[in-house]
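Q: Only the shape, not the letters, is given here:
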């Protein structure tokens with residue numbers, strides 16, 4: 001599809017291009033949803049883009065990653081706990097929500113859970129009167145952040161673990177954590193189960209757990225290998241699949257050992273039955289819990305930007321773990337790196353190089369509200385839709401003059417489903433030929449292409465394959481002069 005941009009072609013394409021339906025639109029029926037679509041809660045979750053994970057508990061003081069549940073409660077002894085510092089840091093760095101490990105595999109609860117004797121209430125910290133869920137939920141409200149919790153179903157302390165009675169205990173634990181601290185935007189399950197070949201194993205009652213969450217926090221997005229709200233990306237390296245469908249078929253799978261194969265977690269299912277988008281969890285340090293020995297091993301700005309492009313830029317949400325230290329503070333090194341990260345993203349994405357461009361498409365859905373100009377206005381709820389039956393349209397941006405960019409951002413309007421399976425991008429070279437500069441598969445909520453710098457006045461987005469008329473909410477161009485990352 002490499003064609004010379006001649007005067008004749010300009011005339012022909014001028015006749016072919018359509019910029020939308022008749023004026024005074026709104027009377028024509030719009031595109032129908034395709035396949036599974038997100039709930040309102042899932043859409044809000046996806047639009048958060050970047051959240052913080054906070055691994056904190058007895059492991060912070062023991063130096064372990066997985067405690068054995070036999071730690072004395074007094075081991076947990078933060079010297080200057082400050083949840084407002086966590087929230088203040090997150091908000092200043094542009095993160096939208098926090099998820100705290102309210103109960104990790106050791107069973108220690110960071111709130112006075114009446115179902116357990118292994119909690120802050122049994123520790124000497126604050127004379128047994130502490131409640132970190134209360135302090136953090138209050139801090140999140142103060143700083144305009146969403147509040148989430150991780151409550152591991154595995155419990156190496158509870159004597160009921162490994163029996164049917166434990167499911168009752170765990171349900172009451174969920175009820176305690178989810179009914180007292182205000183809205184919870186995400187409940188983080190994992191599938192950890194048992195203590196090894198000779199350890200206890202629990203048959204988790206997942207339907208009952210999900211029903212409990214829905215009853216108490218109906219807007220909460222539930223995470224596990226198979227959702228039901230969002231899915232694990234399949235690794236802890238900070239990288240989602242280059243192909244990433246937000247749909248998944250979870251039947252026949254379960255969290256943990258029964259999870260889908262890694263490539264399925266990475267890519268989703270092209271015709272999946274349920275909307276279960278990908279979440280990328282990764283730690284800013286080598287481990288998940290704070291260790292003094294890792295203070296000089298915090299990920300670099302370059303590494304964080306690469307993670308951003310491989311997560312948010314590949315249709316996923318980024319959950320970045322930043323573990324508080326033994327004081328109960330986000331460490332100065334971590335905090336400074338988060339600020340560097342925030343400033344870099346602001347610098348890269350502050351100026352849309354496509355601003356002022358004229359835009360045309362081979363077709364548009366009837367009704368001016370679906371005009372192709374919508375892709376440039378930055379309003380996610382205004383979008384362009386190709387006409388019914390057109391599965392391979394293309395969109396051309398004509399810039400006011402030649403401009404240089406090395407990042408291309410595309411967004412589908414996911415309330416109507418994920419439709420695009422592959423696309424290419426061409427730029428007009430100095431000799432009047434279209435030159436291929438990118439070739440990718442899925443788009444989803446957000447796709448950011450990282451390419452070598454291109455200087456051109458004309459860009460063309462070619463939809464090569466789609467399962468329903470393509471719908472794009474945004475096309476934008478940026479220049480990253482901070483990192484050298486390229487899609488690989």
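A: Looks like it arrived, so ask away. If you're wondering where the values come from, they're calculated on a predicted model, not measured in any experiment.

Q: tell me the mean pLDDT over stretch 341-360?
A: Mean per-residue pLDDT for stretch 341-360: 98.

Q: Tell me how many other residues crowd residue 276.
A: 29 (other Cβ atoms under 10 Å). The way it works is simple: take the backbone N, C-alpha and C, and place the C-beta from them, glycine included.

Q: Sorry, slip of the keys, the one I care about is residue 142.
A: 13.

Q: so where's the stretch 301-450 of the chain uncertain?
A: Applying pLDDT under 70 to the stretch 301-450 of the chain picks out no residues at all.

Q: ranges for the helices of it?
A: 301-311, 332-349 (DSSP state H, counting those that start in this stretch).

Q: Residues in contact with the shortest one: which ones?
A: Spelled out, it's helix 301-311. Residues outside helix 301-311 that contact it (Cβ atoms under 8 Å, 6 or more residues apart in numbering): 50, 233, 238-240, 280, 282, 284, 299, 317-318, 320, 337, 340-341, 344-345, 448, 450, 480, 482-485, 487.

Q: cutoff 7 Å now
A: With Cβ atoms under 7 Å, 6 or more residues apart in numbering as the test, helix 301-311 has contacts from 238-240, 280, 282, 318, 337, 340-341, 344-345, 448, 450, 482-483, 485.

Q: Likewise for stretch 231-238?
A: 225, 240, 248, 262, 265-266, 276, 278-282, 307, 310-311, 316.

Q: Among those residues, which pair sits farthest apart?
A: Farthest-apart pair in these is 248 and 307; separation 22.3 Å (Cβ to Cβ).

Q: any idea how far residue 391 is from residue 373?
A: Separation of residue 373 from residue 391 (Cβ to Cβ, to the nearest Å): 22 Å.

Q: Please read the previous query as pertaining to residue 448.
A: Residue 448 is 24 Å from residue 391, by Cβ to Cβ.

Q: cool, and residue 118?
A: On the measure of Cβ to Cβ, residue 118 and residue 391 end up 57 Å apart.

Q: okay, the two: which has more neighbours?
A: Neighbour count, other Cβ under 10 Å: between residue 118 and residue 391, residue 118 has more, with 24 against 17.

Q: Which residues are in contact with that one?
A: Counting by Cβ under 7 Å, 6+ apart, residue 118 has contacts 73, 107-109, 157.

Q: do residue 155 as well
A: Residue 155 touches 107, 161, counting by Cβ under 7 Å, 6+ apart.

Q: Am I right that it falls within a strand?
A: No: going by DSSP: H, G, I helix; E, B strand; the rest coil, the assignment for residue 155 is coil, not a strand.

Q: Straight-line length of stretch 265-281, end to end?
A: With Cα to Cα, to the nearest Å applied, stretch 265-281 spans 13 Å between its terminal residues.

Q: For that stretch, give the mean pLDDT please.
A: 98.

Q: Over to stretch 46-62?
A: 98.

Q: List the buried residues of it.
A: 46, 48-61 (16 or more other Cβ atoms under 10 Å).

Q: which pair in those residues spans the largest distance?
A: 46 and 61 (35.6 Å).

Q: follow-up on the earlier one: derive a PyMOL selection command for the buried subset of the contacts of stretch 231-238.
A: Selection of buried members from these for PyMOL, criterion 16+ other Cβ under 10 Å:
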select buried, resi 225+240+248+265+266+276+278+279+280+281+282+307+310+311+316
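
Q: I'd like to know which of the contacts of stretch 231-238 are part of helices.
A: Using DSSP state H, the members of the contacts of stretch 231-238 that fall in helices are 262, 265-266, 307, 310-311.

Q: With distance to residue 350 as extra columns, can I get those in JSON lines?
A: Formatted as JSON lines, those follow (distance: Cβ to Cβ, whole Å):
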{"residue": "262", "distance to residue 350": "36"}
{"residue": "265", "distance to residue 350": "33"}
{"residue": "266", "distance to residue 350": "31"}
{"residue": "307", "distance to residue 350": "20"}
{"residue": "310", "distance to residue 350": "21"}
{"residue": "311", "distance to residue 350": "20"}
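
Q: out of those residues, who's nearest residue 153?
A: Nearest to residue 153 among the ones in helices among the contacts of stretch 231-238, with distances taken as Cβ to Cβ, is residue 265, at 18.9 Å.

Q: residue boundaries of the strands in the stretch 201-350 of the chain?
A: For the stretch 201-350 of the chain, the strands defined by DSSP state E, counting those that start in this stretch occupy 221-224, 230-232, 247-248, 274-275, 278-283, 316-321.

Q: any chance of those strands in TSV, plus distance to residue 85?
A: Shown next, in TSV, are those (distance: least, Cβ to Cβ, whole Å):
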stretch	distance to residue 85
strand 221-224	25
strand 230-232	28
strand 247-248	37
strand 274-275	36
strand 278-283	19
strand 316-321	17
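
Q: With residue 88 as the reference, name the closest of these.
A: strand 316-321 (16.4 Å).

Q: ranking the helices of the stretch 301-450 of the chain by burial, who's on top?
A: Across the helices of the stretch 301-450 of the chain, the average number of neighbours (mean count of other Cβ atoms under 10 Å) peaks for helix 301-311, which reaches a mean of 21.

Q: can you tell me which residues contact the residue nearest the centre of the chain?
A: Central residue of the chain (Cα atoms, centre = their mean): residue 317, 0.5 Å from the mean position. Neighbour list for residue 317: 45-46, 48-49, 51, 279-280 [criterion: Cβ under 7 Å, 6+ apart].

Q: Could you dump those into JSON lines with secondary structure and distance to residue 151 added?
A: Putting the contacts of residue 317 into JSON lines (DSSP: H, G, I helix; E, B strand; the rest coil; distance: Cβ to Cβ, whole Å) gives the following:
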{"residue": "45", "secondary structure": "helix", "distance to residue 151": "18"}
{"residue": "46", "secondary structure": "helix", "distance to residue 151": "23"}
{"residue": "48", "secondary structure": "helix", "distance to residue 151": "20"}
{"residue": "49", "secondary structure": "coil", "distance to residue 151": "24"}
{"residue": "51", "secondary structure": "strand", "distance to residue 151": "17"}
{"residue": "279", "secondary structure": "strand", "distance to residue 151": "16"}
{"residue": "280", "secondary structure": "strand", "distance to residue 151": "21"}
